[in-house]
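could you work out the structure for the sequence below:
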Amino acid sequence: MRKLIFFMVTTLNGYFERGKWDVEWHNADDEFDVFAAEQLDEADTLLFGRVTYEGMASYWPTPEGIAEDPVVAGQMNGLRKIVFSRTLEQADWGNTRLVKDNIAEVIARLKEEPAEDGKEGKDLLLLASSDLAVSLAELGLIDEYRVMVNPILLAGGTPLFTGLRQDLELELLRARTFKSRNVLLCYAPKKQP
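Residues are numbered from 1 along each chain as shown. From the prediction side, this is the model:
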């Protein structure tokens, strides 16, 4: 069965953006770019909420996005994408499907779906999309949480997992320190006895 992996970059004090799409503080370097490409290689489907989808769709297909990181741009533009939104009217970024309802059912079907060659499919990757992550976490649909902590404290911003209505215990799977001083923390939901 495919796993649903959530990935987000945050500050040490838990903000994922200073203001809407203000992420100039992201501590990205060549090592981060290699990690991003490897993470995208593990997936065959990208999942987004509306806000993240609109931001990504306005950047990765552009000449600037392609020039900035041609490998990641190729992956972002080429992979199958699903945007979950009740308000978005259409999704024009190549290879994108818009889903308005029945999120849990759609995710469950995607997790069971085999790859085109009949083998087990690659993972589903939810990039950013904090509000969608909260909904999926509460439904128990996220199999792994990957949080890249940047070595910065912001005076204010948007906290990760805002709106979570219940506690969710996690178990640390692994941690990795990057040369940039970023730390990747990977967690799975704690198994109940």
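
and the longest helix for this protein?
Looking across the chain with DSSP state H, the single longest helix is helix 30-41.

tell me what whatever helix or strand comes next after that helix is packed against?
Per DSSP states H and E, helix 30-41 leads on to strand 43-49 as the next helix or strand towards the C-terminus. Strand 43-49 is packed against strand 80-84, strand 123-127, helix 130-138, with contacts defined by 3 or more C-beta pairs under 8 Å, 6 or more residues apart in numbering; DSSP states H and E. The C-beta positions use only the backbone N, C-alpha and C, and glycine is treated the same way.

quickly run through the sheet partners of the helix or strand following the longest one, with directions.
Once the chain leaves helix 130-138, the next helix or strand it forms, by DSSP H and E, is strand 144-150. For strand 144-150, sheet partners with direction are given as strand 4-11 (parallel), strand 183-189 (antiparallel), following DSSP bridges.

could you redo those as a markdown table and give each row mean neighbour count, mean pLDDT and distance to Gly74?
Formatted as a markdown table, the strands paired with strand 144-150 follow (neighbours: other C-beta atoms under 10 Å; pLDDT from 0 to 100; distance: least, C-beta to C-beta, whole Å):
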| stretch | mean neighbour count | mean pLDDT | distance to Gly74 |
| --- | --- | --- | --- |
| strand 4-11 | 22 | 97 | 18 |
| strand 183-189 | 17 | 98 | 23 |
